[in-house]
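*Asks:* Provide a 3D model corresponding to the input given below.
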Amino acid sequence: MDDAGHAAPAREAPPTPAVRIVSSELFRGRREVVIVHRGQEYRLHITKADKLILTK
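*Replies:* Below you'll find the predicted structure:
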């Protein structure tokens, strides 16, 4: 509370920084990995142009 008896405003938690994963560690020499999210499979693969594509 402040001097006037008012409650202090609620503070938001600071944002959690995103986890950074190096693609070479994720792929481990392969061109494709399967990611399971909420029971669904997604394929993340490296194209010939060295881009990442995520498909269901």
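
*Asks:* Tell me where the chain has strands.
*Replies:* Per DSSP state E, the chain carries strands over the ranges 32-37, 40-46, 52-55.

*Asks:* Export those to TSV and append columns for mean neighbour count and distance to residue 22.
*Replies:* For the C-beta atoms, the positions are set from N, CA and C on the backbone; glycine is no exception. TSV is the format used below for those (neighbours: other Cβ atoms under 10 Å; distance: least, Cβ to Cβ, whole Å):
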stretch	mean neighbour count	distance to residue 22
strand 32-37	10	13
strand 40-46	13	13
strand 52-55	10	13
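
*Asks:* Using TSV, lay out these together with distance to residue 4.
*Replies:* Converted to TSV, the strands of the chain look like this (distance: least, Cβ to Cβ, whole Å):
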stretch	distance to residue 4
strand 32-37	49
strand 40-46	53
strand 52-55	53
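
*Asks:* Switch the ones you listed over to CSV; also include distance to residue 9 and mean pLDDT.
*Replies:* CSV is the format used below for the strands of the chain (distance: least, Cβ to Cβ, whole Å; pLDDT from 0 to 100):
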stretch, distance to residue 9, mean pLDDT
strand 32-37, 36, 98
strand 40-46, 40, 99
strand 52-55, 40, 98
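
*Asks:* looking at these, which is closest to residue 14?
*Replies:* Set against residue 14 and scored by Cβ to Cβ, the strands of the chain come closest in strand 32-37, at 25.9 Å.

*Asks:* The closest one to strand 40-46, inter-axis angle?
*Replies:* 150 degrees (axes from the mean of the first three to the mean of the last three Cα atoms, to 10 degrees).

*Asks:* Direction included, what does strand 32-37 pair against?
*Replies:* strand 40-46 (antiparallel) (DSSP bridges).

*Asks:* what residues does the strand it pairs with touch?
*Replies:* 23, 26-27, 31-36, 52-56 (Cβ atoms under 8 Å, 6 or more residues apart in numbering).

*Asks:* Which single one of the residues you listed is nearest to residue 8?
*Replies:* Residue 8 has its nearest neighbour among the contacts of strand 40-46 in residue 35, at 42.1 Å by Cβ to Cβ.
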